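Trainee: Okay, predicted coordinates and the sequence, questions at the end:
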Amino acid sequence: MKVSNRKRHSIKEKGEGAAGRHTVRQVVVAHTRWLLRHGTLVLALAAAGCTGPDVTPTNRRLELTTGAVPRQQPTSDAGDTGIVLAFSGGGARSAAFGYGVLSALAEEASPAARGRRLTDDVAVVAGVSGGAVLASYFALYGRSGLEDFRKRFLGRDVEASLRMSFSPANILRGYRGGVNDLTGFPAWLDANLFKGATLGTVARPGHPRLVIHATDLYNRAPFIFDRASFTAICSSYDDYPLAYAVAASTAVPVVFAPLTLRNFRTGCEALPEVRAQAAQSQPPSSLVAREYADSLRRYETAKDLNYLKLYDGGLVDGVGTQSLLHLMGRSAPEPIPEERALRLRHLIVIVVDASTRVGGDLSQTVDSPKAPDAIVAAIDAMINIPNLQSFDALHDHLPAWRNKFVKWRCGMDGARRGCGDLDVDVIRLALTDIVDPPVARRIMKLHNRLALDAEDVDLLSSLGRRLLIEHPGYQRFLDRIRRGTTDGRISAFSEALAQSQ
């Protein structure tokens, strides 16, 4: 477009004088600010896009030891009562719900010794994702750490220390492998909860057996953080940071980068740990057990499996019961520590499931649900039935496990009289059991986050405490341990389940 001399003249005139110079200065300043603002954004996006997350392998090779792993020694005050806990995934929602269950156990006296509580009788504690945070903290600190857990985790805004905003930079980070990496949640867990503790720390005498797992993306199978799994990749177990194991179990894809383990694969076949594991291997009893056994073998045979990429354990087992089943498939008395198994007469398995919710506003109108609501409901649907099936499998397997356990104990040299006395029960406490409409609607709004309001923590912990105390199976367990009697069999869980429904 041509500009006439008159037009050019008018433009020139506008630039003359104090007012004109001020107008030009405003235009220059505005353009400069625009360039700085958008230029900074472009540089930030470029930096985020070019720099991937820190996925440095977090383990080291298993070195030659002087002998087999020492067995734990019996604790002087351990009685004949045992509890197995399994905390589901569900972020802080699960941790608060499970915290209520542990609080109820801490209020109940144990028959083992004066001043002892049922929390002190926990022999095994399993957890996944948010439940792994609670399980690991309890395994490390025991009953004395319960009050601190509320202050140091449930009462903190963990997400304030992480990248959680929906921004262009975080979208690029997620595309590159994960918005948050080793410098995020793993570092927070170690600094605020675990203080340098390792898997070997919680494996010492006096601690309950800890069972947490993540998802091995190559095998599409659980990676249980136990000595057998680390031995399978020829890696050291005792010095692996507890914070990394918990972070792997909570690593939701894209939001978090995977925790990476190097598969050292070969070079430790002659170590005592490897020979002991091979001698204890049992033939798989199901397709799931066979697939898990095959995944351990692939660590040695699959030539392209150089690094394990570990994500949220809820992808393969949302309540931790499948991991317990895998351990029960090994030689007795797994998963009960041997020093506890020798005295055990009463055992209850308590599955605490806060992973899914039922209901919501999706079906009130004919309208299509918004994307966030549809995604949350779809995730709940994907894990709900597998979680129930896993619980059913655990319940159905317990009679066979009990028989194997009793056979092992009675077959030992110098077996005690009454070695066959053992009653076993299993109960399930779930947020889906809450039928009060206002409370159920409130639960539906508590998504899988790492932070909760104090009022929501109070609600969930009170629900966990109440559901345990009121459960018929738990009441029967209390009656047996108080009277000191056993029925010598699996308790009638099916009858209790029918009554609770």
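Mentor: Perfect, thanks for sending it.
Trainee: what's Arg340 in contact with, if anything?
Mentor: Residues near Arg340 by CB atoms under 8 Å, 6 or more residues apart in numbering: 78, 82, 123. For glycine as for every other residue, the C-beta is placed from the backbone atoms N, C-alpha and C.
Trainee: okay, now Ser461: neighbour count?
Mentor: 22 (other CB atoms under 10 Å).
Trainee: same question, Tyr175
Mentor: 13.
Trainee: That one sits in which helix or strand?
Mentor: helix 168-176 (DSSP states H and E).
Trainee: Is it correct that Tyr99 is in contact with Ser461?
Mentor: Yes: counting by CB atoms under 8 Å, Ser461 is a contact partner of Tyr99 at 5.0 Å.
Trainee: For the stretch 201-350 of the chain, just list every one of the strands.
Mentor: Using DSSP state E, counting those that start in this stretch, the strands found in the stretch 201-350 of the chain span residues 209-216, 221-224, 259-262, 307-311, 346-353.
Trainee: got a markdown table for those strands, with mean neighbour count, mean pLDDT and distance to Val133 too?
Mentor: A markdown table is the format used below for these (neighbours: other CB atoms under 10 Å; pLDDT from 0 to 100; distance: least, CB to CB, whole Å):
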| stretch | mean neighbour count | mean pLDDT | distance to Val133 |
| --- | --- | --- | --- |
| strand 209-216 | 27 | 98 | 9 |
| strand 221-224 | 27 | 96 | 17 |
| strand 259-262 | 22 | 97 | 15 |
| strand 307-311 | 22 | 97 | 16 |
| strand 346-353 | 26 | 97 | 13 |
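Trainee: any weak-confidence spans in the stretch 401-501 of the chain?
Mentor: Within the stretch 401-501 of the chain, the segments meeting pLDDT under 70 span 486-501.
Trainee: Report pLDDT for Lys7.
Mentor: Note for Lys7: predicted pLDDT of 42.
Trainee: to the chain's geometric centre, what's the distance from the top helix by length along the chain?
Mentor: Longest helix in the chain, counting residues (DSSP state H): helix 371-410. Relative to its chain's centre, helix 371-410 lies at 15 Å (CA atoms, centre = their mean, to the nearest Å).
Trainee: C-terminal to it, what's the next element?
Mentor: Going down the chain from helix 371-410, the next helix or strand is strand 423-430, by DSSP H and E.
Trainee: For Ala245, which non-adjacent residue is closest in space?
Mentor: In space, Ala245 comes closest to Phe225 once its chain neighbours are excluded; the distance is 4.4 Å by CB to CB, 6 or more residues apart in numbering.
Trainee: Backbone torsions only: list them for that neighbour.
Mentor: phi -80, psi 70 (degrees, to the nearest 10).
Trainee: give the contact list for it.
Mentor: Phe225 touches 199, 210, 212-214, 240, 245, 248-249, counting by CB under 8 Å, 6+ apart.
Trainee: roughly how far is the helix holding Tyr175 from the heart of the chain?
Mentor: The mean C-alpha position of helix 168-176 is separated from the chain mean by 25 Å, CA atoms, centre = their mean.
Trainee: circling back to that earlier point, mind listing what's buried in the longest helix of the chain?
Mentor: Neighbour-count burial for helix 371-410, counted by 16 or more other CB atoms under 10 Å, picks out 376-377, 380, 383-384, 387-388, 390-391, 393-395, 397-398, 401-402, 404-406, 408-409.
Trainee: ditto for stretch 299-317
Mentor: Buried residues in stretch 299-317 (16+ other CB under 10 Å): 299, 305, 308-317.
Trainee: What is the end-to-end distance of that stretch?
Mentor: 20 Å (CA to CA, to the nearest Å).
Trainee: Next: stretch 111-125.
Mentor: Stretch 111-125: ends 20 Å apart by CA to CA.
Trainee: Identify the residues contacting that stretch?
Mentor: By CB under 8 Å, 6+ apart, stretch 111-125 touches 77-87, 102, 105-110, 135, 138-139, 142-143, 146, 208-211, 324, 335-337, 340, 344, 347, 481-482, 484.
Trainee: Retrieve the pLDDT associated with Gln26.
Mentor: Per-residue confidence (pLDDT) for Gln26: 59.
Trainee: One more: Thr365?
Mentor: 85.
Trainee: what are the ranges of the strands in the stretch 51-200 of the chain?
Mentor: 81-87, 122-127.
Trainee: and Asp413, how many residues sit next to it?
Mentor: Neighbour number of Asp413 under other CB under 10 Å is 4.
Trainee: for it, phi and psi?
Mentor: According to degrees, to the nearest 10, Asp413 has phi -60, psi 130.
Trainee: how about the strands of the stretch 201-350 of the chain in TSV, adding distance to Phe477?
Mentor: Shown next, in TSV, are these (distance: least, CB to CB, whole Å):
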stretch	distance to Phe477
strand 209-216	20
strand 221-224	27
strand 259-262	37
strand 307-311	35
strand 346-353	5
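Trainee: between those, which gets nearest to Val424?
Mentor: strand 346-353 (4.8 Å; CB to CB).
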